[in-house]
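Colleague: Generate a structure from the sequence data that follows.
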Amino acid sequence: MAGRTDLAVVVIGFRAPASLAAAVRSVLDQDVPLEIVVVNSGGGSAKALLADCGIEVKVIDVEERLFAGAARNRGIAATQAPFVAFLADDCLACAGWAEARLRRHREGEAAVASAVLNSHPRNLVACAAHLVTYMRRLPGLPAGKAQCYGVSFDRTLFDRYGAFDERLTTGEDTEFMARLPEALRPVWEPRVLTIHRNETRLLGLLADQYRRGRRYGAYLRSLETGKPIRPFRKVFRDRRNVGKLIKEGLSGKDRTFARLSLPIVWLALFTKSLGASVGARYGDRTEGQR
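Modeller: I've put the predicted structure just below:
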């Protein structure tokens with residue numbers, strides 16, 4: 001922690017999972033000094049978990065479950081560095097993750113988005129899981145085709161445009177970024193690489209995608225008055241795009257295995273689409289699950 005600390009990293013945990021330790025360690029292993037805080041909610045002791053692993057960082061344990069917006073806000077309030085990044089407990093920050101963010105922020109960017117890597121690039125189920133969720137955040141994509149998420153922000157944006165919405169079960173970052181003027185929207189920076197731990201079992205993948213779809217459908221329902229427009233079609237049409245995004249976003253064996261996983265991708269998209277339809281009609285009843 002010696003030296004100037006320009007970037008705060010809020011690591012968000014739910015029920016203090018064992019994976020939280022690796023997520024925090026990946027931040028501690030960065031080559032620049034960082035201000036780190038862990039916000040864990042829903043029970044469990046993240047402080048004890050990390051102490052058992054020999055990790056000493058600031059920890060906020062909250063017994064009740066916090067949605068992501070509330071957890072983000074707790075972390076922002078508990079830190080002081082001029083820029084703030086976030087990392088979920090099922091992710092790892094790659095080497096250079098913090099340095100690449102800071103480079104863009106110091107060049108004047110208010111918000112910097114990141115690319116996502118697959119935790120198991122030679123497992124076809126994991127490849128499918130990764131593509132269904134992150135096909136628009138593959139590291140080889142050009143800026144015009146990438147979705148800008150996994151964002152770090154200039155702290156002053158929260159003073160000017162407010163905090164994250166704490167009531168949303170999903171999409172809190174989308175809602176916040178929609179408040180920003182065009183000039184302050186996130187820039188795509190594929191040198192900021194985050195590894196997401198993907199499901200490696202088919203049944204686990206389908207269950208996870210159904211839950212994600214249902215949350216997304218409920219989110220669409222909250223945005224629109226009346227019946228959301230064709231939530232099934234809105235999700236399932238991504239089957240038309242995934243092959244093109246694989247070609248541009250991946251290379252070598254990563255591209256080969258991604259293509260081999262396409263039948264599983266289509267099945268997962270179909271399952272996610274069903275979840276979106278149910279969520280749009282009945283709301284999200286999976287709020288206590290991850």
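Colleague: Going by residue numbers, what spans are helices in the protein?
Modeller: 19-28, 46-52, 68-77, 97-106, 124-134, 156-161, 172-178, 202-223, 231-236, 242-249, 252-260, 262-282 (DSSP state H).
Colleague: How far away from the center of its chain is the longest one?
Modeller: Put plainly, it is helix 202-223. 15 Å (CA atoms, centre = their mean, to the nearest Å).
Colleague: just checking, what packs against the helix or strand bottoming out on mean pLDDT in the chain?
Modeller: Taking mean pLDDT, DSSP states H and E as the measure, the chain has helix 231-236 as its least confident helix or strand, at a mean of 79. If contacts are counted by 3 or more CB pairs under 8 Å, 6 or more residues apart in numbering; DSSP states H and E, helix 231-236 sits against helix 202-223, helix 262-282. Where C-beta positions appear, they are placed from N, C-alpha and C, glycine not excepted.
Colleague: What are the contacting residues of that helix?
Modeller: Residues from elsewhere that reach helix 231-236, judged by CB atoms under 8 Å, 6 or more residues apart in numbering: 213, 216-217, 220, 269-270, 272-274, 276-277, 279-280.
Colleague: before we move on, the earlier item: including distance to Ala78, could the helices and strands packed on helix 231-236 go into JSON lines?
Modeller: Listed next are the helices and strands packed on helix 231-236 as JSON lines, based on distance: least, CB to CB, whole Å:
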{"stretch": "helix 202-223", "distance to Ala78": "27"}
{"stretch": "helix 262-282", "distance to Ala78": "32"}
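Colleague: which stretch in those helices is the model least sure about?
Modeller: With a mean of 89, helix 202-223 has the lowest mean pLDDT of those.
Colleague: on contacts alone, who are the packing partners of that one?
Modeller: Going by 3+ CB pairs under 8 Å, 6+ apart, helix 202-223 lies up against helix 124-134, helix 231-236, helix 262-282.
Colleague: Those: which one's closest to Glu99?
Modeller: Closest to Glu99 of these, according to CB to CB: helix 124-134, at 22.1 Å.
Colleague: quick check: angle from that closest one to helix 242-249?
Modeller: Using axes from the mean of the first three to the mean of the last three CA atoms, to 10 degrees, the direction of helix 124-134 lies 90 degrees away from that of helix 242-249.
Colleague: Helix 124-134 to helix 262-282, inter-axis angle?
Modeller: 50 degrees.
Colleague: which residues are contacting helix 124-134?
Modeller: With CB under 8 Å, 6+ apart as the test, helix 124-134 has contacts from 116, 118-121, 196, 198-202, 205, 208-209, 212, 238, 242, 245-246, 257-258, 260-262, 264-265, 267-269, 272.
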